[in-house]
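**Student:** Kindly generate the corresponding structure for this input.
(one chain, ligands or ions: 1)
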Amino acid sequence: EKGGYDYFMLKEIAEQPKAVADTLLGRIDAAGELRLDEVRIPDSVLREIEKVVIVACGTAFHAGMIAKYAIEHWTRIPCETELASEFRYRDPIMDSRTLVIAISQSGETMDTLMALRHAREQGAKVLAICNTNGSTIPRESDAVLYTHAGPEVAVASTKAFLTQLVACYLVALYLGQVRGTKWGDEVLAVIKELSAMGTHVEEVLTTMEPVRELARGLADKNTVLFLGRHVGYPVAMEGALKLKELAYMHAEGFAAGELKHGPIALIEEDLPVVVVVPSPRGRSVLHDKIVSNIQEIRARGARTIVIAEEGDATVRPYADHLIEIPQTPTLLQPLVATVPLQVFACELATARGNEVDQPRNLAKSVTVE
Ligand code: M6R
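**Tutor:** Numbering: from 1, shown residues only. Predicted coordinates for the structure are as follows:
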């Protein structure tokens with residue numbers, strides 16, 4: 001059932017182009033508008049929403065962090081993303097004009113379930129983004145948008161994450177469509193680009209051999225750091241989480257702007273630091289800032305592993321290893337930037353002799369609080 005792959009994780013990484021395409025299927029009409037009829041929350045209610053709160057755990061939380069950037073940019077509705085386990089116990093403020101989005105691959109994660117129960121008790125509307133038909137989280141929500149990743153067997157989440165991102169983009173764009181906010185050329189262009197993302201993920205997968213080779217060369221390291229800005233920040237956190245759970249290595253994802261507030265003290269000779277670089281097109285301030293972060297860490301001897309857009313010449317001189325990804329709009333970049341980090345962690349785990357599909361101490365779905 002592993003389809004010729006050594007591990008389910010490798011199979012699931014390879015299935016990502018299809019998972020992304022399947023999650024979009026039937027949800028964009030011929031005119032380029034979104035059709036999310038399955039979301040049974042009436043448009044009249046969605047128009048009145050004053051705040052969006054996203055709750056999730058682990059990898060699904062990282063998808064939710066990325067969704068915050070998309071929702072606020074495309075809809076101008078204030079959005080916060082919180083770990084489900086923290087949200088529930090701080091007496092959060094919600095009412096019937098709050099839309100709570102609970103993201104969960106399994107639909108059985110107890111922390112997320114408790115958070116959504118609490119939200120509904122306060123009168124909030126709950127939309128689940130879930131990969132498992134008929135599981136508890138969608139059953140207890142007001143509405144559900146299913147991700148179509150197919151069954152995910154490996155404990156480390158890969159294809160479910162990419163489809164959670166797609167679902168989040170769809171919800172963000174749909175909210176924009178319903179409310180008429182910023183509904184113009186930019187958003188229509190993004191919907192078009194979103195349709196092409198499956199193909200871009202496929203392109204990334206064909207260029208992963210140097211990433212595997214790099215990973216094998218780092219098998220005896222103790223620590224890897226990950227840096228990003230904007231949507232690259234949650235991508236960095238996801239890269240670090242994959243490495244912790246699979247390679248049992250110390251890994252941390254930072255917002256690159258925080259470097260000078262402490263973490264830069266960790267930089268030492270030959271320390272591998274992965275940097276996720278945003279597109280030089282569009283928000284160029286972001287790009288310039290991260291290029292100077294790369295210079296700073298390299299000047300202190302770090303070994304820089306740079307994930308950047310094809311054709312981004314400015315980063316080349318500072319990259320000890322350059323991993324190129326296709327050009328995409330900034331907000332969609334996580335769909336392609338995460339893939340090399342999944343491959344990197346999987347290969348490092350293999351090189352260290354770890355059990356890839358069943359990391360120690362972990363369960364696929366965490367049904368206790
Ligand atoms: O089933 P869920 O999406 O609710 O699971 C949430 C986390 O437990 C899960 O993403 C976990 O962090 C993964 N093992 C990460 O690869």
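**Student:** Taking the centroid of this protein, which residue is nearest it?
**Tutor:** Nearest to the mean C-alpha position of the chain, by CA atoms, centre = their mean, lies Ala63 at 3.7 Å.
**Student:** Contact partners for Asp6?
**Tutor:** Going by CB atoms under 8 Å, 6 or more residues apart in numbering, Asp6 touches Thr350, Val356. Just so you know, the C-beta spots here come from the backbone N, C-alpha and C atoms, and that holds for glycine as well.
**Student:** Apart from its chain neighbours, what residue comes closest to the residue nearest to the centre of the chain?
**Tutor:** Distances taken as CB to CB, 6 or more residues apart in numbering place Gln164 nearest to Ala63, at 3.8 Å, with adjacent residues excluded.
**Student:** coming back round to it: need the three-state assignment for the residue nearest to the centre of the chain.
**Tutor:** The three-state label given to Ala63 by DSSP: H, G, I helix; E, B strand; the rest coil is helix.
**Student:** can you list the weak-confidence ranges in the protein?
**Tutor:** Scanning the chain for pLDDT under 70 picks out 181-184, 283.
**Student:** And stretch 28-43, what's buried?
**Tutor:** Using 16 or more other CB atoms under 10 Å as the test for burial, stretch 28-43 gives Ile28, Leu34, Leu36, Val39, Ile41.
**Student:** For burial, what's the neighbour tally of Val277?
**Tutor:** Counted by other CB atoms under 10 Å, the residues lying close to Val277 total 29.
**Student:** Alongside the ligand, which residues does the protein contribute?
**Tutor:** Residues of the chain lying near the ligand by CB under 6 Å from any ligand atom: 57-60, 104-106, 109, 112, 155-157, 241, 245, 365-366.
**Student:** What subset of the residues you listed is buried?
**Tutor:** Here, 16+ other CB under 10 Å leaves 57-60, 104-106, 109, 112, 155-157, 241, 245, 366 buried among these.
**Student:** and Asp270, that's in a strand?
**Tutor:** No - read with three-state DSSP, Asp270 is coil and lies in no strand.
**Student:** Verify the stated contact: the residue nearest to Ala63 with Cys130.
**Tutor:** No - look at Gln164 against Cys130 with CB atoms under 8 Å: they stay out of range, at 9.1 Å.
**Student:** helices and strands around the top helix by length along the chain, which ones?
**Tutor:** For the chain, the longest helix by residue count, based on DSSP state H, is helix 159-179. If you count contacts as 3 or more CB pairs under 8 Å, 6 or more residues apart in numbering; DSSP states H and E, helix 159-179 packs onto helix 16-24, helix 43-48, helix 58-75, strand 98-104, strand 125-130, strand 143-146, helix 185-195, helix 334-351.
**Student:** now those in CSV, with distance to Phe254?
**Tutor:** Output for these, formatted as CSV (distance: least, CB to CB, whole Å):
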stretch, distance to Phe254
helix 16-24, 26
helix 43-48, 35
helix 58-75, 13
strand 98-104, 23
strand 125-130, 26
strand 143-146, 31
helix 185-195, 28
helix 334-351, 14
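**Student:** These: which one's closest to Lys2?
**Tutor:** helix 334-351 (13.4 Å; CB to CB).
**Student:** Please, which helix or strand holds Arg216?
**Tutor:** Secondary structure assignment for Arg216, by DSSP states H and E: helix 209-217.
**Student:** before we move on, what about Asp37?
**Tutor:** With DSSP H and E as criterion, Asp37 is part of no helix or strand.
**Student:** Run a quick neighbour tally on Arg120.
**Tutor:** When neighbours are counted by other CB under 10 Å, Arg120 comes out with 16.
**Student:** That one belongs to a helix?
**Tutor:** Yes - according to three-state DSSP, Arg120 belongs to a helix.
**Student:** Can you name the residue of this protein nearest the ligand?
**Tutor:** Closest residue of the chain to the ligand, CB to the nearest ligand atom: Gly58 (1.9 Å).
**Student:** Could you report the separation of that residue from Glu213?
**Tutor:** Noted for Gly58: a distance of 28 Å to Glu213, by CB to CB, to the nearest Å.
**Student:** so Met197 makes contact with Leu335?
**Tutor:** Yes - applying CB under 8 Å as the test, Met197 and Leu335 come out as touching, 5.0 Å apart.
**Student:** tally of neighbours for Val187?
**Tutor:** Neighbourhood size, Val187 [other CB under 10 Å]: 20.
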